[in-house]
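Asker: What follows is a predicted protein model with its sequence.
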Amino acid sequence: MLADALGLLRQGQFAQARAVLESCTPSPDVELLLAHAHAGCNRVQEAARLLCRQAVANPGARHPARDMLDLLLPHERVDEAEAVLRAVRQRAGQDIRTHDMLGELLLQRGRTAEAHAVLTDGLSLSPAQLTTGNLMAVCLMEQGEYAAGRDLLLYILEHHPRSAMTHANLAHLLAGWNRTDESLAIHARALALRPDDANLRLNHALTLLKNGQMAQGWAEYEWRRKLPGRARLPAARTLPVLAPDADLRGRTIFITREGGLGDMLMMLRFVPVLAALGARVIVQAPDTLHGLIRRMDGVRRVFNDRQPVPFHDWHCPFLSLPHVLHRMPGHAGVAVPYLHADAGRVRAWAPFLPARPTLRVGLVWGGASRPDVPAAHAMDRRRSIPLRSLAPLAGMPGISLVSLQMGTYARQMMDMPAGMRLHDPMESVRDMDDTAALIAGLDVVVSVDTSVAHLAGALGCPVLLLDRFDNCWRWLSGRTDSPWYPTLRIIRQIRTGQWDDVVRRLCSMLAKRDLPPSRLPPAP
């Protein structure tokens with residue numbers, strides 16, 4: 001019966017699991033599972049009482065509330081989990097782990113001020129505690145307090161000098177602070193402690209790329225293949241690093257889906273290079289990209305990941321292409337534009353756009369919220385700008401705004417700034433090919449760091465990228481231009497979370513028509 005109850009808990013059927021467990025003979029195992037069932041049923045005090053009793057009975061084991069989180073969070077029982085953690089902390093506040101768990105959950109929910117208060121209480125119990133100190137440093141970084149976060153991690157390292165986790169978090173903080181040279185020095189210390197840790201190697205790779213050390217960064221990025229779940233196809237058929245004069249005639253190369261839409265749009269530039277070496281190129285990608293990819297030179301077929309794996313001689317994930325080809329952005333063979341809108345769709349979408357002679361400005365203010373992936377969710381909060389913060393655009397003469405926004409952030413148009421008018425054709429958009437056709441009729445795309453920015457850049461449309469302070473490696477450190485997209489300019493925050501200055505600079509550039517030169521073809 002315990003196995004049945006555990007199965008029900010994993011399926012999110014907490015009430016059913018509770019009924020099964022309450023009919024069982026009492027035992028420590030039954031009590032533990034019953035605590036999780038109570039938590040899922042929002043029986044907060046019952047769950048907290050049993051979890052605390054289990055923690056006292058097994059002081060050297062992982063805190064049972066961690067298991068409760070593993071069961072509740074996949075089923076979006078976040079409010080229930082938080083309530084139980086608060087009750088556990090109230091009952092057992094001298095156990096520093098209770099502060100860690102609640103503080104970490106609050107960080108994941110974007111409530112940094114509350115997390116700061118909880119973690120401060122934890123550090124009052126043990127100022128150099130490893131987990132609590134690292135969580136507090138993450139909290140400080142989220143709040144833009146980079147110097148305080150750095151100082152705390154240095155203090156933790158005085159007491160735990162061989163903590164690879166703390167070295168890695170310090171390196172990550174410094175990279176977010178755009179002090180990439182310092183970050184790389186700390187990465188080296190972390191790797192000296194754990195040289196075969198694929199996660200550490202991956203973070204090191206991203207800092208190298210952000211620092212502009214492309215060849216070394218892409219080589220290091222190959223460590224991601226050692227992470228769980230990455231090796232889906234036989235390693236023996238992985239495309240090797242190619243010599244510049246490689247002859248691929250008669251060989252079929254299968255480019256496999258990897259990363260987000262922006263990653264794939266960025267890496268598609270390398271597909272014609274493979275074709276020029278004689279390869280027969282077939283590509284796996286989400287359905288939304290299929291139309292764009294089919295029109296590329298050298299692409300024979302396009303598959304989605306629901307279809308059987310086709311015959312191939314070699315396979316290569318999208319994000320390994322720069323490494324195997326020894327090519328970096330701006331090198332021969334990767335000219336922009338490398339994607340092109342369909343002329344028929346451009347004509348079909350033209351009536352949806354505002355009339356000339358105003359400047360047609362496409363607008364994207366939000367990314368893709370992913371509450372199921374805490375790190376991605378936190379990043380999305382930092383990269384997205386509230387539509388109301390773009391209110392100064394409403395009063396600009398000679399400018400027409402066109403929404404290219406999809407997803408939950410589009411709901412902000414229900415409460416637009418006073419005087420703002422947004423043409424919104426997106427309800428009728430079916431895929432990225434439609435979006436490309438809309439972009440082909442615009443003068444400039446203004447976007448936060450999303451796939452639309454990559455699409456517009458790949459099409460050769462002028463792009464003004466509104467970028468967060470702790471910018472992604474794709475946009476490098478200290479740059480206002482992009483080697484990936486010559487028609488893109490970066491307007492970056494000068495302080496974490498502060499968009500006012502970014503919007504002022506954006507309005508100035510639009511008013512002066514200070515835009516990158518377009519590489520879009522003339523409208524059909």
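Answerer: That came through fine. Numbers count the residues shown, from 1 in each chain.
Asker: Any chance of the backbone angles for the nearest residue to residue 279 once chain neighbours are set aside?
Answerer: Nearest residue to residue 279 in three dimensions, chain neighbours excluded: residue 248, at 3.8 Å (C-beta to C-beta, 6 or more residues apart in numbering). (C-beta placed from N, C-alpha, C; glycine too.) Taking degrees, to the nearest 10, you get phi -110, psi 20 for the backbone angles of residue 248.
Asker: By mean pLDDT, point me to the weakest helix or strand of the protein.
Answerer: helix 374-383 (a mean of 84; mean pLDDT, DSSP states H and E).
Asker: which other helices and strands contact that one?
Answerer: Applying 3 or more C-beta pairs under 8 Å, 6 or more residues apart in numbering; DSSP states H and E, one finds that helix 374-383 makes contact with helix 96-108.
Asker: Could you check the angle the helix it packs on makes with helix 374-383?
Answerer: Here helix 96-108 runs at 50 degrees with respect to helix 374-383, directions being taken by axes from the mean of the first three to the mean of the last three C-alpha atoms, to 10 degrees.
Asker: Give me the helices and strands touching helix 96-108, please.
Answerer: If contacts are counted by 3+ C-beta pairs under 8 Å, 6+ apart, helix 96-108 sits against helix 64-72, helix 78-91, helix 112-125, helix 130-142, helix 374-383.
Asker: can you rerun that using 6 Å?
Answerer: Packing contacts for helix 96-108, counted by 3 or more C-beta pairs under 6 Å, 6 or more residues apart in numbering; DSSP states H and E, involve helix 78-91, helix 112-125, helix 130-142.
Asker: what residues does the first one touch?
Answerer: So the one you mean is helix 78-91. With contacts defined as C-beta atoms under 6 Å, 6 or more residues apart in numbering, helix 78-91 is touched by 39, 42, 44, 47-48, 51-52, 65, 69, 72, 98, 101-102, 105.
Asker: domains for the chain, by residue range?
Answerer: 162-231, 236-325, 343-511 (automatic domain parsing).
Asker: I'd like to know which of the ones you listed is closest to residue 135.
Answerer: Closest of the domains of the chain to residue 135 is domain 162-231, at 9.4 Å (criterion: C-beta to C-beta).
Asker: from the chain's centre, how far out does the closest one sit?
Answerer: 17 Å (C-alpha atoms, centre = their mean, to the nearest Å).
Asker: Report the mean per-residue pLDDT for that domain.
Answerer: When pLDDT is averaged over domain 162-231, the result is 96.
Asker: what about it, start to end distance?
Answerer: Using C-alpha to C-alpha, to the nearest Å, the end-to-end distance of domain 162-231 comes out at 31 Å.
Asker: Could you say which of the helices and strands packed on helix 96-108 is packed most deeply?
Answerer: Stretch with highest mean neighbour count among those: helix 130-142 (a mean of 23; mean count of other C-beta atoms under 10 Å).
Asker: Now the least confident helix or strand of the chain - C-alpha only, CSV.
Answerer: This file holds the C-alpha atoms of helix 374-383, laid out as CSV (Å, rounded to 0.1, in the frame of the first residue of the first chain):
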residue,chain,number,x,y,z
PRO,A,374,13.2,28.4,-11.4
ALA,A,375,16.4,29.7,-13.0
ALA,A,376,14.7,30.5,-16.3
HIS,A,377,11.8,32.1,-14.5
ALA,A,378,14.1,34.4,-12.5
MET,A,379,15.9,35.4,-15.7
ASP,A,380,12.6,36.1,-17.5
ARG,A,381,11.6,38.5,-14.7
ARG,A,382,14.9,40.3,-15.1
ARG,A,383,14.8,40.5,-18.9
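Asker: List of residues touching it?
Answerer: 108, 110, 367, 369-371, 448-449, 468.
Asker: among the residues you listed, which are in strands?
Answerer: residue 448 (DSSP state E).
Asker: Check the offset of stretch 257-271 from the chain's centre.
Answerer: 14 Å.
Asker: How about it, which residues are buried there?
Answerer: Within stretch 257-271, the residues that count as buried by 16 or more other C-beta atoms under 10 Å are 257-258, 261-271.
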